[in-house]
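Peer 1: When you get a sec, could you give me coordinates for this:
(chains A and B)
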There are 2 protein chains.
Amino acid sequence: MAKDLVSEIDEIFRPRSVAVVGVSDKVNRLGNLLLYSFVDMGFEGMIYPINPKEETVMGFKCYPSIRDIEGPVDLVVVSVHPRYVPGIVDDCVAKGVKAVVIFSAGYRERDEEGKKKEMELVEKARAGGVRIIGPNCMGLYSPSSKISFFPGMPKEKGEVAFLSQSGSLTNIMGFFASLRGIRFSKMISVGNASDLDVNDFLEYLGSDPETKLIICYIEGVEDGRRFFKLAREISKRKPIIIWKVGETEGGNRAVRSHTGSLSGSKEIWDAVIKQTGLIRVENHIELIGFITAFQNPYLPRGNRVVVMSGPGGPAVSTADACEKAGLKLVKLSEETKKKLAEIIPEFGTSVSNPVDLSLSSSFDVEMYPKATEICGLDENVDMLVEVIPALNKQVIERLIEVQKRVRKPIAVITSIEFVTAGSQLGKLFGVVSPEELTQTLMRMYQSGISVHSSEQEAAKALMALLKYKEFLEKNR
Amino acid sequence: MAKDLVSEIDEIFRPRSVAVVGVSDKVNRLGNLLLYSFVDMGFEGMIYPINPKEETVMGFKCYPSIRDIEGPVDLVVVSVHPRYVPGIVDDCVAKGVKAVVIFSAGYRERDEEGKKKEMELVEKARAGGVRIIGPNCMGLYSPSSKISFFPGMPKEKGEVAFLSQSGSLTNIMGFFASLRGIRFSKMISVGNASDLDVNDFLEYLGSDPETKLIICYIEGVEDGRRFFKLAREISKRKPIIIWKVGETEGGNRAVRSHTGSLSGSKEIWDAVIKQTGLIRVENHIELIGFITAFQNPYLPRGNRVVVMSGPGGPAVSTADACEKAGLKLVKLSEETKKKLAEIIPEFGTSVSNPVDLSLSSSFDVEMYPKATEICGLDENVDMLVEVIPALNKQVIERLIEVQKRVRKPIAVITSIEFVTAGSQLGKLFGVVSPEELTQTLMRMYQSGISVHSSEQEAAKALMALLKYKEFLEKNR
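Peer 2: I've put the predicted structure just below:
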């Protein structure tokens, strides 16, 4: 059946036409945003607004009901009061719709009554051959088939899939990651996951050739055994980063009222994550940093790291963070030190690890790249962490070039705000312009240079990269 | 003697005139930046460039040596090769200079020979009644006396003092914090702290009426006993946030080659921090968040928190982060829940804690402020954490107003990048413009609303605020 599920979901991701229920030309409704998302993405199939009281919506001919549409309808998006949803599912069944995204909330996450209603919907849909995504979700985004759940999402394809039980988080991550030069193959917000659930989509993403890296935001899964098997199996082919919430009493309560899931015991999840090679993050900032690290084409051979920094204080703090995370600051060979001494000023610097380039590195754009090449080619070095407070354009371009020869993970700790703020001082120091930021970041990631907000996050991400490489070796 | 030291340092902070050694009109030297820093700040006293080979530098009359200046010279800044420094210190002594900032490096942090040279400088200066700041440091910044160590620093005064052994960190924090609406009373980079050290400046800041909150970046202190006494004493009057580095083998090594300090054992520092009411952070992002929390005019009574969020996922994650940090998600009273139900939509939301406002809060700017007022006035609530992914202008203005009645710490978790990126979507959703950001943040802090990058950081900061309040109660 696995093959069938994968093909079935793949078809849902490539609808020939979509209908949106809960739209209006007269009132500003959330459904309008959902409809406009398809327009904005440049969806190439037919778009059908549904509203019995209107002739046209946003310039599209409006239909009283799904049944009234002449051509085939593959995907339906519903944003109406729960009392109207059963009738719409009936319409979907009658029309032979493949899947219905139910944005509407008020189900399992609400109360027992809601849970009953949700089960009735699923029963009805399954009997009629229609799959449900949701309820209480945003639905699907896929740039390759030009579908989206919100306007303004990136049109370019990427290799990262985001699978989430939180709709607005999917939305936020879409924009935030996009600003940071991360592009997605698919984003899936499953909400209450009444029919197609986290496991189903995880299985699909495991086989999806567009997806190289999977991110899961999880509140709880129904079939833990299946999740374990899937995670373990897929992790051998592509890394899965997991953000598991609902680990405390307060968090658990929040999960119940958010998607009605059972978050499960922390101990069990800790064990599952350890045994399946899953990579864990705790917040969206870590997630962004980890994604960039796991897009790295190079895996570290061991835990021996070089820390390099212009500012001396952050060099110390980064050294601490690395060793606390389990990395080891490698002793540089005498030869490497000698080479460093040739390019680094005599005073206020250090050619031992951490390598302190001093304030001079703000004026001499060759210092970071040259020191990176020297240390990176030292065979005792497995990876590099570099503190570059503001991304200087020339420094970054040269680093990308040097990385072609180094071919080891390089993690850069920087403040993206220095770039987005676009200050006069930034211009003076040759900082990447706000307009160039996204493209510059993309090229950094592709070349094997990840970008991080803090020393702790960078160290954690590199350690996770090493652990994942060890998981792969154990599970060849 | 304490009184004398305080007055002595206060005079150093208010020089009538400054001389900068290591400047040139012909070559682009670092000293030029140091000189220009005074010009840029609008320093009102005399500025004297020193260079025997030039007539003028940046339009100022240039002097062959400090001794040749006609009027009095209070502060000298030196950025030359170490071999010339002893002669300049001699000149300072001869001229009756109050203090000399030695930017030059190559001393204790370098080797035994450097340590010897540093001790000789100190001996010479002390014998001649001149105080040394540094070597290997940036020196002093004080908007009230219009002195600075780098161009482009904020001209406005604030109530936060930054005392640091890392010069470039001081510099970076100056810009970063400034972007985030934080203003300083003084910034002090002591470098190797050969003469005036962390303890001296800490004592000074403890008595400085301009300073309400002290930040210390510390690699190691010479006189641990004095530091302990000072920290314990000053903490009773104003909070001290400490970023202590050099806690691992790699970090220790880095400290030795950075400022030549002895970082001391982690265990001792842990004990010192605990007993003195010091507030600990681990990186610059935490530091920024903590500063905003400790500028809060309201201290929490207890650990009972309400989490409030538009997006449901972050609500769960924030609930987890709060409880892991030691805060307790309070059960809201039936009355509070009833009031919340009146302003929050029926579906896809939650009126229990965490309060889930749903995506609707992106459209209805009254939801956050109204819910904040309802929860904030519940007497079982000690503080609030609110996830507001993008700072909506109207929401923030209303929150500032509501906080006048709530009068309890409110911590907002948000992505400043959404603001600085200044996207079209941001405009559509009424997000604060990049130009308004700094002023908006300042007004938030003043009103008692702190701003944080992640749920973990916000929770940690609120917990630190509570612990500090308990320290104050124990040490009345």
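Peer 1: Looking at the stretch 101-250 of chain A, what residue ends up closest to chain B?
Peer 2: A:Ser166 (2.6 Å; CB to the nearest CB). Using the backbone N, CA and C atoms, a C-beta is placed for each residue, glycine as well.
Peer 1: nope, the stretch 201-350 of chain A is what I meant
Peer 2: Here the stretch 201-350 of chain A gets closest to chain B at one residue, A:Gly313, 2.5 Å apart by CB to the nearest CB.
Peer 1: Skip the chain neighbours and tell me the closest residue to that residue.
Peer 2: The spatially closest residue to A:Gly313, leaving aside those adjacent along the chain, is B:Ser166, at 2.5 Å (CB to CB, 6 or more residues apart in numbering or on different chains).
Peer 1: The one you found contacts B:Ala254, doesn't it?
Peer 2: No. Contact criterion CB atoms under 8 Å: B:Ser166 and B:Ala254 do not qualify, at 10.7 Å.
Peer 1: Between the two, point out the one with more neighbours.
Peer 2: When B:Ser166 and B:Ala254 are compared for neighbours, B:Ala254 comes out ahead with 32 against 29, by other CB atoms under 10 Å in any protein chain shown.
Peer 1: Touching, A:Leu278 and A:Lys238? I think so.
Peer 2: No. Using CB under 8 Å, A:Leu278 is not in contact with A:Lys238; the gap is 11.7 Å.
Peer 1: And the two? Which one has more around it.
Peer 2: Taking other CB under 10 Å, A:Leu278 and A:Lys238 do not tie; A:Leu278 has more neighbours (26 against 16).
Peer 1: residues in contact with the residue of the stretch 351-476 of chain A found nearest chain B?
Peer 2: Nearest residue of the stretch 351-476 of chain A to chain B: A:Thr420, at 3.7 Å (CB to the nearest CB). Taking CB atoms under 8 Å, 6 or more residues apart in numbering or on different chains as the criterion, A:Thr420 is in contact with A:179, A:434, A:437, B:417, B:420-422, B:434.
Peer 1: swap in A:Gly114?
Peer 2: Counting by CB under 8 Å, 6+ apart, A:Gly114 has contacts A:82, A:106-108, A:260.
Peer 1: would you say it is within a helix?
Peer 2: Yes. When the secondary structure is assigned by DSSP: H, G, I helix; E, B strand; the rest coil, A:Gly114 falls within a helix.
Peer 1: so who does the residue nearest to it when sequence neighbours are not counted touch?
Peer 2: In this structure, A:Gly114 finds its nearest non-sequential neighbour in A:Tyr107, 4.3 Å apart by CB to CB, 6+ apart. For A:Tyr107, the contact set (CB under 8 Å, 6+ apart) comprises A:82, A:114-115, A:117-118, A:121, A:135-136, A:192, A:194, A:260.
Peer 1: Next: A:Glu44.
Peer 2: Residues in contact with A:Glu44, defined by CB under 8 Å, 6+ apart, are A:Lys146.
Peer 1: quick one: it and A:Ser7, what's the gap?
Peer 2: Applying CB to CB, to the nearest Å, the value for A:Glu44 to A:Ser7 is 21 Å.
Peer 1: Kindly state the pLDDT recorded for the residue of the stretch 101-250 of chain A closest to chain B?
Peer 2: Reading off the confidence values, A:Ser166 has pLDDT 92.
Peer 1: What of the one 5 residues further on?
Peer 2: If you check A:Asn171, the pLDDT there is 90.
Peer 1: Enumerate every residue touching it.
Peer 2: Applying CB under 8 Å, 6+ apart, we find A:Asn171 in contact with A:138, A:149-150, A:189, B:311.
Peer 1: same thing but at 10 Å, please
Peer 2: Applying CB atoms under 10 Å, 6 or more residues apart in numbering or on different chains to A:Asn171 gives the contacts A:138, A:141, A:149-150, A:153, A:164, A:187, A:189, B:311, B:313, B:359, B:362, B:389.
Peer 1: if I read this right, the residue nearest to A:Gly313 contacts A:Ala315, doesn't it?
Peer 2: Yes. Counting by CB atoms under 10 Å, A:Ala315 is a contact partner of B:Ser166 at 8.6 Å.
Peer 1: overlap in contacts of those two?
Peer 2: Once CB under 10 Å, 6+ apart is applied, the residues that B:Ser166 and A:Ala315 both contact turn out to be B:245, B:258.
Peer 1: if we can go back for a sec, can you tell me which of the contacts of A:Gly114 has the most neighbours?
Peer 2: A:Tyr107 (28 neighbours).
Peer 1: hang on, the residue of the stretch 101-250 of chain A closest to chain B packs against A:Gly246?
Peer 2: No. Counting by CB under 10 Å, A:Ser166 stays clear of A:Gly246, with 11.3 Å between them.
Peer 1: Overlap of the contact sets of those two?
Peer 2: Shared contacts of A:Ser166 and A:Gly246, counting by CB under 10 Å, 6+ apart, come down to A:218-219, A:258-259, B:316-317.
Peer 1: who does A:Leu213 bridge with?
Peer 2: A:Val160 (DSSP bridges).
Peer 1: Same check on the one 5 residues further on?
Peer 2: Here A:Ile218 shows beta-bridge partners A:Lys244, assigned using DSSP bridges.
Peer 1: wouldn't it be in contact with A:Leu262 here?
Peer 2: No. Look at A:Ile218 against A:Leu262 with CB under 10 Å: they stay out of range, at 11.6 Å.
Peer 1: And the contacts of the helix or strand bottoming out on mean pLDDT in chain A?
Peer 2: One helix or strand of chain A scores below all others by mean pLDDT, DSSP states H and E: helix A:424-428, with a mean of 77. The contact list for helix A:424-428 (CB under 10 Å, 6+ apart) reads A:390-392, A:418-420, A:431-434, B:150-153, B:175.
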